[in-house]
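*Asks:* The following comprises the amino acid sequence and a computationally predicted model.
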Amino acid sequence: MSAEVETNTTMRAIVQRVSRASVTDYKTCVCVCVRACVRACVTVGEEQISSIGRGLCVLLGVSSEDTQRDADYMVRKILNLRVFEDPSGRSWSQSVMDRDLEVLCVSQFTLQCVLKGNKPDFHLAMPAASAQPFYNAMLDAMRSAYRAERIKDGKFGAYMQLHIQNDGPVTIELTSPCGSSDPRQMSKQRKEKTRSHSGRETDAPGSPQDPNASSRVDGGVSSERKL
């Protein structure tokens, strides 16, 4: 039985702690040879776009409803995520900025996938014409908040090969808080509604939720150092 599984639209990022990572652009050349039949011979050339040493590799999926608030939140979290050890060896205590490490970002619309039966559907992803300037603005924000030379990128819209040496392995999924699928945000929303009703009964079954109740983001992009 085929059924579409919907999800809330929110920016998504897969963050991996890596020993090294690189992204290459595959350029494909097709030549047709005629013998007894027509055959297609495909040769592939590989060109490296970006590479980093130790740091973070970030796969970023932008949804059609993402705003500047989502972008600011995600930039702040990526740069301040404490997945590295400190000089004394204490785990989970320092961020990529604390350690002066690198970040490789790759735009990946497939993170906005929903399933129609077994077939992936990407209608929740922001269209490329809007997503490219939005994504580039996020990269600029990262470079402004950290060090420009430490932020690397793939090639937007290209067919790429991503080579990752995951360190740990450590893989963390981040979502922007504007969607209501985050249990902590849903709990915060319920508490805010309880306070606003001054002890009265909160939402009746089926009553609409305030879409802005869970979308607040504290602090600026570059100021947070502790999570």
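*Replies:* Received the coordinates, thanks.
*Asks:* Worst mean pLDDT across the helices and strands of this protein, which element?
*Replies:* Using mean pLDDT, DSSP states H and E, strand 4-5 stands out as the lowest-scoring helix or strand of the chain, at a mean of 45.
*Asks:* which residues in this structure form strands?
*Replies:* 4-5, 12-34, 38-52, 55-61, 102-107, 114-116, 119-121, 151-153, 160-175 (DSSP state E).
*Asks:* okay, the ones you listed in CSV with mean neighbour count next?
*Replies:* In short, each C-beta sits where N, CA and C put it, glycine included. As requested, the strands of the chain are arranged in CSV below (neighbours: other Cβ atoms under 10 Å):
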stretch, mean neighbour count
strand 4-5, 10
strand 12-34, 16
strand 38-52, 11
strand 55-61, 24
strand 102-107, 24
strand 114-116, 14
strand 119-121, 12
strand 151-153, 21
strand 160-175, 15
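*Asks:* Any idea which of those gets closest to Asp70?
*Replies:* Checking the strands of the chain against Asp70 by Cβ to Cβ gives strand 160-175 as the closest, at 9.2 Å.
*Asks:* Spatially nearest residue to Val83 (excluding sequence neighbours)?
*Replies:* Arg17 (4.9 Å; Cβ to Cβ, 6 or more residues apart in numbering).
*Asks:* Tell me the bridge partners for the one you found.
*Replies:* Leu56 (DSSP bridges).
*Asks:* Same question for Leu174.
*Replies:* The residues listed as beta-bridge partners of Leu174 by DSSP bridges are Ala13.
*Asks:* Quick check: it touching Thr10?
*Replies:* No - at 9.9 Å, Leu174 does not count as touching Thr10 under the criterion of Cβ atoms under 8 Å.
*Asks:* and Leu81, what does it touch?
*Replies:* The contact partners of Leu81, by Cβ atoms under 8 Å, 6 or more residues apart in numbering, come to 15, 56, 95-96, 172, 174, 227.
*Asks:* Roughly how far does it sit from Gly53?
*Replies:* 18 Å (Cβ to Cβ, to the nearest Å).
*Asks:* before we move on, what about Pro87?
*Replies:* Taken as Cβ to Cβ, the span from Pro87 to Gly53 is 18 Å.
*Asks:* Same question for Glu65.
*Replies:* Applying Cβ to Cβ, the value for Glu65 to Gly53 is 35 Å.
*Asks:* which of the two has more neighbours?
*Replies:* Neighbours per residue (other Cβ atoms under 10 Å) separate Glu65 from Gly53, with Glu65 holding more: 16 against 11.
*Asks:* now this protein, which segments are flagged as low pLDDT?
*Replies:* 1-8, 26-46, 178-227 (pLDDT under 70).
*Asks:* angle of the helix of greatest length in it against strand 102-107?
*Replies:* Ranked by residue count and defined by DSSP state H, the top helix of the chain is helix 128-145. Taking axes from the mean of the first three to the mean of the last three Cα atoms, to 10 degrees, helix 128-145 and strand 102-107 form an angle of 170 degrees between their directions.
*Asks:* Next, the buried residues of helix 128-145.
*Replies:* Neighbour-count burial for helix 128-145 flags 131, 134-135, 138-139, 141-143, 145 (criterion: 16 or more other Cβ atoms under 10 Å).
*Asks:* possible to save these as TSV with distance to Gln108?
*Replies:* Listed next are the buried residues of helix 128-145 as TSV, based on distance: Cβ to Cβ, whole Å:
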residue	distance to Gln108
Ala131	11
Phe134	14
Tyr135	10
Met138	13
Leu139	14
Ala141	18
Met142	16
Arg143	20
Ala145	22
